[in-house]
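For reference, the sequence and a predicted model appear below.
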Amino acid sequence: MVPVLTFFWFGAVVYGMFVLLQYQATPGETSLAAADWPDNSQMNFNSMRPTLVMFAHPRCPCTTASLNELAKIVALGPERIDARVIFFKSSAFPEGWEKTDLWKTAAAIPGVSVLSDLDGSTAKLFNATTSGYTLMYDTQGKLLFHGGITGSRGHAGDNAGRSAIESILLQGTAERTETFTFGCPLSGEQSVSPREGL
């Protein structure tokens with residue numbers, strides 16, 4: 001009996017690890033980014049240095065890694081980039097619902113501006129659908145990069161997205177200008193538990 005139970009236990013562990021790894025390696029919905037900064041956005045791009053915009057869900061655990069990678073980018077020098085993190089805020093939830101630990105983490109990064117996006121209106125203009133989705137525009141509002149800056153869900157460390165942005169900032173160009181984004185769905189009440197709004 002013990003060998004049989006051991007076999008099933010081992011099989012369950014292996015299957016669980018497989019599911020977890022598959023989940024971590026599955027990117028979010030791919031977005032088609034506009035080549036130019038949206039004209040109808042209430043935000044303006046920075047005409048003195050590149051503007052980076054990251055869209056985030058305040059309750060997406062994967063986004064912690066994205067913010068850690070953003071901190072490394074900004075550490076190259078706040079004077080190199082105007083970085084902003086835009087957090088989804090549903091009008092169905094109370095005031096301040098979006099100001100979670102992720103908000104505090106983003107706000108603690110030197111030189112980063114943190115904003116609320118009511119019902120994802122700004123995210124829609126930039127075609128952002130996944131938490132952690134990051135875009136960078138030049139001083140003329142032309143798209144330089146879009147995608148994620150982690151290698152998988154919730155995994156911080158060297159990755160193509162961060163490398164591309166750093167290459168653009170330091171050398172003016174990058175081999176890749178688009179990457180997959182690994183994160184939770186950005187907007188919609190269905191992506192979080194109703195209890196989280198209480």
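It's in.

Name the helix or strand for residue 187, please.
Residue 187 belongs to no helix or strand when elements are defined using DSSP states H and E.

That one touches residue 122, doesn't it?
No. Using C-beta atoms under 8 Å, residue 187 is not in contact with residue 122, being 10.5 Å away. From N, CA and C alone the C-beta is placed, and that goes for glycine too.

for the chain, where's the lowest mean pLDDT among helices and strands?
Using mean pLDDT, DSSP states H and E, helix 2-24 stands out as the lowest-scoring helix or strand of the chain, at a mean of 44.

got a list of contacts for the helix or strand that it is followed by?
Using DSSP H and E, the helix or strand that follows helix 2-24 in sequence is strand 51-56. The contact list for strand 51-56, computed with C-beta atoms under 8 Å, 6 or more residues apart in numbering, reads 37, 43, 45, 63, 66-67, 70, 73, 81-88, 102, 106, 117, 122-123, 126, 128, 130-137, 149, 165, 186.

Please report how far the residue nearest to the spatial centre of the chain lies from residue 150.
Central residue of the chain (C-alpha atoms, centre = their mean): residue 132, 0.6 Å from the mean position. Distance, residue 132 to residue 150, using C-beta to C-beta, to the nearest Å: 7 Å.

where does the chain have low pLDDT?
1-31, 153, 188-198 (pLDDT under 70).

could you redo the last one with a cut-off of 50?
7, 9-25, 27, 189-198 (pLDDT under 50).

Confirm that residue 105 sits in a helix.
Yes. Assessed with DSSP: H, G, I helix; E, B strand; the rest coil, residue 105 lies in a helix.

That one contacts residue 64, correct?
Yes. Contact criterion C-beta under 8 Å: residue 105 and residue 64 qualify, at 6.9 Å.

Okay, and residue 136 sits in which element?
Under the criterion of DSSP H and E, residue 136 resides in strand 133-137.

packing partners for that strand?
If contacts are counted by 3 or more C-beta pairs under 8 Å, 6 or more residues apart in numbering; DSSP states H and E, strand 133-137 sits against strand 51-56, strand 143-147, helix 160-171.

now with 6 Å?
Packing partners of strand 133-137 (3 or more C-beta pairs under 6 Å, 6 or more residues apart in numbering; DSSP states H and E): strand 51-56, strand 143-147.

List the contacts of that strand.
Residues outside strand 133-137 that contact it (C-beta atoms under 6 Å, 6 or more residues apart in numbering): 33, 37, 45, 50-55, 143-146, 149, 165, 181.

now that strand and helix 160-171, what's the angle there?
20 degrees (axes from the mean of the first three to the mean of the last three C-alpha atoms, to 10 degrees).

What is the burial count for residue 74?
17 (other C-beta atoms under 10 Å).
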